[in-house]
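Q: Sequence isn't available, so here's the structure alone:
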């Protein structure tokens, strides 16, 4: 009999423990549901109306001012900083938290249109500036190319002019003496470098020496150059 009573008491204890656990679990689930509902909307009536106004204003970004004027009184509430934020009731802007101002439907629509136009114009100006900058950059590159080509051409002409002092084949001194003074300028190391004007040897860089045509001819023959 004693063992039976002990067994019954043990079973009762287990049942009580299980019941308590289930009740605690239910309370926890209920609290979670309460937190979720509070996150979904505001707790007080005042906060709830504010949230509704924010959602309402936010959903009306793509709507026209006339569609927002549900009470047909010709007036709506608009944010002066964010023209696309409109409402048919007083409230705050969901973007900047400023109080919405009461204006006519026409004024609100005009403000929204001007705001969109300004954004488009700003985008066009930015795009135009980028294009102009690109054109200027291309122009600078073309100018640099032209400058390099001019330098290259100038250098080529100078080399050609200097190269003309170097006489090859049968050297005709009378042809070189263009001014007919019977004198020429000859390099004393590279004897075939001869000019009718003073200058420097394009081969060794030495200054050309003024000599008579006969002296220049003798120097050429002495160093095995053919003379006419």
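A: Okay, I see it. Values in this document were obtained by computation on a predicted structure and should not be read as measured data. Numbers count the residues shown, from 1 in each chain.
Q: To what extent is residue 201 buried, counted in neighbours?
A: 21 (other Cβ atoms under 10 Å). C-beta: built from backbone N, CA, C; applies to glycine.
Q: Does it touch residue 186 like I think?
A: No - contact criterion Cβ atoms under 8 Å: residue 201 and residue 186 do not qualify, at 9.3 Å.
Q: shared neighbours, those two?
A: Common neighbours of residue 201 and residue 186, using Cβ atoms under 8 Å, 6 or more residues apart in numbering, are 193, 208.
Q: any idea how far residue 207 is from residue 179?
A: Distance of residue 207 to residue 179, given as Cβ to Cβ, to the nearest Å: 19 Å.
Q: Break the protein into its domains for me.
A: Following automatic domain parsing, one finds the domains of the chain at 42-122, 173-222.
Q: can you tell me which of these the model trusts least?
A: Of all these, the minimum mean pLDDT falls on domain 42-122 (a mean of 72).
Q: May I see the domains of the chain arranged in CSV, with distance to residue 4 as well?
A: Listed next are these as CSV, based on distance: least, Cβ to Cβ, whole Å:
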stretch, distance to residue 4
domain 42-122, 55
domain 173-222, 130
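Q: Residue 11: which of these is closest?
A: Evaluated with Cβ to Cβ, those place domain 42-122 nearest to residue 11, the distance being 44.7 Å.
Q: Now residue 80: which helix or strand?
A: According to DSSP states H and E, residue 80 maps onto no helix or strand at all.
Q: swap that for residue 188, please
A: Assigned by DSSP H and E, residue 188 falls outside every helix and strand.
Q: tell me, how many neighbours does it end up with?
A: With other Cβ under 10 Å as criterion, residue 188 counts 14.
Q: Identify the residues contacting the closest residue to it other than its chain neighbours.
A: Nearest non-adjacent residue to residue 188, counting by Cβ to Cβ, 6 or more residues apart in numbering: residue 209, 5.6 Å away. Neighbour list for residue 209: 185-188 [criterion: Cβ under 8 Å, 6+ apart].
Q: so can I have a markdown table of those residues showing distance to residue 87?
A: A markdown table is the format used below for these (distance: Cβ to Cβ, whole Å):
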| residue | distance to residue 87 |
| --- | --- |
| 185 | 97 |
| 186 | 101 |
| 187 | 97 |
| 188 | 101 |
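Q: Residue 6 should be in a helix, yeah?
A: Yes - counting by DSSP: H, G, I helix; E, B strand; the rest coil, residue 6 is found in a helix.
Q: ok now do it, which residues does it touch?
A: Residues near residue 6 by Cβ under 8 Å, 6+ apart: none.
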